[in-house]
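> Quick check, what structure comes out for this input:
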Amino acid sequence: QSSPGMWNRLEYRALEGFVFALTPFNFTSIAGNLPTSAALMGNVVVWKPAYTQVYSAQVLMELFLEAGLPTGVINLIYVDGPVAGDIIFQHRDFAGIHFTGSTKVFQTIWQEIGQNIHRYRSYPRIVGETGGKDFILAHPSAHAKAVATAITRGAFEFQGQKCSAASRVYLPSNLADEILGYVKDDLASVKMGDVENFTNFVNAVIDERSFDKLARYIDDAHGSPDAEIIAGGTYDKSKGYFITPTVILAKSPKYTTMCDELFGPVVTVYIYEDSQFESTLDLIDQTSPYALTGAVFSQDRYAIDLATQRLVNAAGNFYINDKPTGAVVGQQPFGGARASGTNDKAGSHLNLLRWVSARAIKETFYPPTAYPYPFMGAEPKEDLNLDKGGF
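Next up, the predicted model:
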């Protein structure tokens, strides 16, 4: 707003320097969003994709250029992370990072930026979406088939290689057998194979490192007295890195796979007494350092409201009677807090504002020509209220 005799305005400037975009393998659309969101706001971007994503990144870069993006605005590089970091995080013109990847890497980057903060022209914008240990909670009133479908889709589509994938499930004792029965029926019909066959619901995981990690968790569950594998539990890398969709039933709510991020087609289920719904809310909130996505299933509106309030900080994207994956740009802006990132909501205006710096401008049309202010000519205790005859 502008008072009489002046013009106030606010403008948004590109950051003073360049933005570093680091993108993961698992979402080509994220690879498009991270560098382009900063570029749309007027910034120059250095873009480094994960090695397992270089092909799709190259295709996207070719599309950008063919669509008219000027050369030099987004600069795609293929280099080891530490090599890039040694140059970028010590550069005076480093102005921000847009990151999606692991929590450990993001924390390392944040620490390195802090150690170099004295070098920069301005304080860098640090925006990151990292890991998740995403949950599904079923209330005793939940629709059993709907919960089972959410587990099958939320845990196993894209081989669970989503930061939003359902990884831990809490089922009430009155519904657990029915829900798990439906899940087993789903998995009996799930096809696994090559990505070129669209009838395959599950494909190979991204690389051998991921395969070996998941195989170790499955082996541990097979040998643990605190866990039982009730579906899947096999793996094979003779013709690709294939992990059979696996359901682990945990006897303890703090069993390893209820807490660790796995990033694969493995989901762990804990059965709680159906009278302990409220205490289970606390359990969910306290089990994991992450707070990315979560879902509650219930046909009881009071239970839904209670879960929404009690889990207010447990998930940046919270779903009611739906799986905790599949956020749509423009409908469910995506991001979480705690160890899951800065919650700057990719796919919304909130994220775009992180890549600009505001400048307030005041223009006065009739500048003062004498330095004294009106109050300086008042007599002691004089009433300066203009309505009563003041200055």
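> contacting residues for the residue nearest in space to the middle of the chain?
By C-alpha atoms, centre = their mean, the mean C-alpha position of the chain lies nearest to residue 335, the distance being 3.6 Å. Residues in contact with residue 335 (C-beta atoms under 8 Å, 6 or more residues apart in numbering) are 129, 292, 316, 317, 341, 342, 343, 344, 345, 346, 351. C-beta coordinates here come from the backbone N, C-alpha and C atoms, glycine included.
> same thing but 6 Å
The neighbourhood of residue 335, defined by C-beta atoms under 6 Å, 6 or more residues apart in numbering, consists of 129, 316, 341, 343, 344, 345.
> between the residues you listed, which is closest to residue 299?
Nearest to residue 299 out of these is residue 316 (C-beta to C-beta; 25.2 Å).
> Just the pLDDT at that closest one, thanks.
For residue 316, the pLDDT comes out at 96.
> Give me the phi and psi for it.
phi -80, psi -30 (degrees, to the nearest 10).
> now residue 85
Dihedral angles of residue 85 (phi, psi; degrees, to the nearest 10) stand at phi -60, psi -40.
> what about the nearest residue to it once chain neighbours are set aside, is that helix, strand or coil?
Nearest residue to residue 85 in three dimensions, chain neighbours excluded: residue 112, at 6.4 Å (C-beta to C-beta, 6 or more residues apart in numbering). Here residue 112 is recorded as helix under DSSP: H, G, I helix; E, B strand; the rest coil.
> Tell me how many other residues surround residue 112.
15 (other C-beta atoms under 10 Å).
> just checking, it touches residue 87?
No: shown here, residue 112 and residue 87 do not form a contact pair, counting by C-beta atoms under 6 Å, at 11.9 Å.
> could you pull out the strands for the stretch 101-250 of the chain?
In the stretch 101-250 of the chain, the segments counted as strands under DSSP state E, counting those that start in this stretch are 125-129, 134-138, 166-172, 227-231, 235-236, 242-243, 246-250.
> tell me what the first one is packed against?
It stands for strand 125-129. Secondary-structure packing of strand 125-129 (3 or more C-beta pairs under 6 Å, 6 or more residues apart in numbering; DSSP states H and E): strand 94-100.
> next one: the fourth one
In terms of contact count using 3+ C-beta pairs under 6 Å, 6+ apart, strand 227-231 is assigned the packing partners strand 246-250.
> Same question for the next helix or strand after the strand it packs on: list its buried residues.
Counting by DSSP states H and E, the next helix or strand C-terminal to strand 246-250 is helix 256-259. For helix 256-259, burial by neighbour count (16 or more other C-beta atoms under 10 Å) applies to 256, 257, 258, 259.
> what about residue 320, how many residues close to it?
Residue 320 - counted by other C-beta under 10 Å - has 13 other residues nearby.
> Residue 223 now?
7.
> you'd agree residue 168 is up against residue 267?
No: using C-beta under 6 Å, residue 168 is not in contact with residue 267, being 7.3 Å away.
> Show me the contact partners of stretch 142-152.
Against stretch 142-152 from outside (C-beta under 6 Å, 6+ apart): 136, 138, 169, 175, 178, 179, 182, 183, 186, 297, 298, 323.
> ok, the third one to residue 155 distance?
Remark: distance between residue 169 and residue 155 (C-beta to C-beta, to the nearest Å) = 8 Å.
> SS state for residue 315?
coil.
> ok, it - contacts?
291, 293, 294.
> Got the phi and psi for the closest residue to the second one other than its chain neighbours?
Read it as residue 293. In space, and not counting its chain neighbours, residue 293 is closest to residue 324: 3.9 Å by C-beta to C-beta, 6+ apart. Dihedral angles of residue 324 (phi, psi; degrees, to the nearest 10) stand at phi -90, psi 20.
> roughly how far apart are residue 324 and residue 162?
Taking C-beta to C-beta, one finds residue 324 at 9 Å from residue 162.
> likewise residue 363?
Residue 363 is 50 Å from residue 162, by C-beta to C-beta.
> These two: which is more packed in?
Between residue 363 and residue 162, counted using other C-beta under 10 Å, the more crowded position is residue 162 (22 against 10).
> wait, what's in contact with the residue nearest to the more buried one when sequence neighbours are not counted?
Take residue 162 and drop its neighbours on the chain: the residue closest to it by C-beta to C-beta, 6+ apart is residue 325, 5.7 Å away. Each residue near residue 325 by C-beta under 6 Å, 6+ apart is listed here: 154, 162, 164.
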